[in-house]
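Have a look; sequence and predicted model below, questions after that.
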Amino acid sequence: MGRAGARGFRLGVDEVSSPAAAKSLNRSGRRTVVIHADAGWSGAVRAGSDGFWPKLVGELAHQGVETRLVKARSKPAEILREPGAEHVHVMMGDMPGYGPDTLHVDQGYITGFWYLDEIGVFWNSSLRLTQFCPERVHRGHAEYFFNGVTGWMLRENVSKAPQPERMPDMLEPAHAVVFTQEIEGLRNRAHHLSNEQMIRTTAEFDRRRLVYVKLHPRQSKAARRDLMAVAQDYQNVRVSEASLHDLIAAAQVVVTQNSSAGFEALMQKKTVVTCAKSDYRHATLTAKSAGDLRDALDYGPDAMEGFPYEKFFYWFLHRNLLEEAKDNFAERAVARIREKAYL
């Protein structure tokens, strides 16, 4: 992965892979940034290909701070968290929790923007508990940022998951599109309504009006089979594999639990109904029951008329997340770590 500033520091991260190595690091007295990576991130962090750590490891090294990787929830990870070791712990993946020496990292809803949060990522992030104050956001800066991000993503058909070629003229206008997820089996429940409840409630609201359903790309075979059977109960429901950007454009209302697709719908200034805990709830209507969802399908577009989507995007992505393409990415990240843990 190269060298940082000719000082000989690798931009990939060495792993603490045994209890003995963890105890040795504790005894060394060196205060270290320890990355607790889940299975989905550990290989990329070790190789320095994750997009977040290469710049940050170099910046930390220049400031005399070492960085190490450990597999989350392993025995070495437990040892490194022993009282007195005084390391800074960064949880990479969905492992919410608060600690005086702990931060949380993951890639956000838009590729290239990263969480570095005190309590968690996505619906567990501190943003869910924070107030959005549009009057404190500069309109011109927000519009420039919003137009740059959304213009590129919609023009190039970019999303977190690969999308089919855009063919907007092939889709009929619809009352709603439902984007499903695979979160209902998680240990810590986040959803108010299940995928099935979202589809049935949306379809039954007005059986004369078209509803699209797009299944999540990581939907399990069992869930896919069950949700296809639900969709077949309604003549006004079509399961589609079209680009999510085209489906969003064709629909008046977007229904999801708390998916990236719901966040991306904000780029087209659509009314979004979130049926789960969500850290972008400030820009959506929240449905905690089927009745709430029916109300949102009815009055949602009127309720969200005039919402400052540009300012919300700027506040959420630019102010609260970290953009890896920016020159000050590493400096902002290190400053946030120092502010949190007095590194």
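The structure has been received and is ready for your questions.

Scan the helices and strands of the chain for the one with the lowest mean pLDDT.
Least confident helix or strand, the chain: strand 3-4 with a mean of 36, by mean pLDDT, DSSP states H and E.

For the stretch 1-150 of the chain, just list every one of the strands.
In the stretch 1-150 of the chain, the strands defined using DSSP state E, counting those that start in this stretch lie at 3-4, 9-10, 33-37, 67-71, 88-92, 102-107, 113-117.

do the stretch 201-343 of the chain as well
Using DSSP E, counting those that start in this stretch, the strands of the stretch 201-343 of the chain run over residues 211-214, 237-239, 251-256, 271-274, 285-286, 322-323.

Most tightly packed of those strands?
strand 271-274 (a mean of 27; mean count of other C-beta atoms under 10 Å). For the C-beta atoms, the positions are set from N, CA and C on the backbone; glycine is no exception.

Sheet-wise, list the partners of that strand with their directions.
Sheet pairing for strand 271-274, assigned by DSSP bridges, gives strand 251-256 (parallel), strand 285-286 (parallel).

what is the mean pLDDT for the shortest one?
It refers to strand 285-286. Strand 285-286 carries an average pLDDT of 98.

swap in stretch 303-313?
For stretch 303-313, mean pLDDT rounds to 98.

Name the residues of it that are buried.
304, 307-313 (16 or more other C-beta atoms under 10 Å).

go on, stretch 102-117?
102-110, 112-117.

and what of stretch 64-74?
Using 16+ other C-beta under 10 Å as the test for burial, stretch 64-74 gives 65-72, 74.

ok, so of the buried residues of stretch 102-117, who is nearest residue 216?
Checking the buried residues of stretch 102-117 against residue 216 with C-beta to C-beta, the nearest one is residue 109 at 13.9 Å.

In contact with the closest residue to that closest one other than its chain neighbours, which residues?
Counting by C-beta to C-beta, 6 or more residues apart in numbering, residue 263 is the residue found nearest to residue 109 once chain neighbours are left out, at 3.9 Å. Each residue near residue 263 by C-beta atoms under 8 Å, 6 or more residues apart in numbering is listed here: 109-110, 280.

Return the member of the residues you listed nearest to residue 84.
Ranked by distance to residue 84 (C-beta to C-beta), the contacts of residue 263 are led by residue 109 at 38.0 Å.

ok, that closest one touching residue 256?
No - contact criterion C-beta atoms under 8 Å: residue 109 and residue 256 do not qualify, at 11.4 Å.

Low-confidence stretches in this protein?
When residues are selected by pLDDT under 70, those of the chain lie in 1-11.

Return the longest helix in it, judged by number of residues.
Taking DSSP state H as the criterion, the chain has its longest helix at helix 139-156.

which other helices and strands contact it?
If contacts are counted by 3 or more C-beta pairs under 8 Å, 6 or more residues apart in numbering; DSSP states H and E, helix 139-156 sits against helix 309-313.

Can I get the helix it packs on in PDB, CA atoms only?
In PDB, the C-alpha atoms belonging to helix 309-313 read as follows (Å, rounded to 0.1, in the frame of the first residue of the first chain):
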ATOM      1  CA  TYR A 309     -33.800  18.700   1.100                       C
ATOM      2  CA  GLU A 310     -30.600  20.600   0.000                       C
ATOM      3  CA  LYS A 311     -29.900  21.800   3.500                       C
ATOM      4  CA  PHE A 312     -30.600  18.400   5.000                       C
ATOM      5  CA  PHE A 313     -28.100  16.700   2.600                       C
END
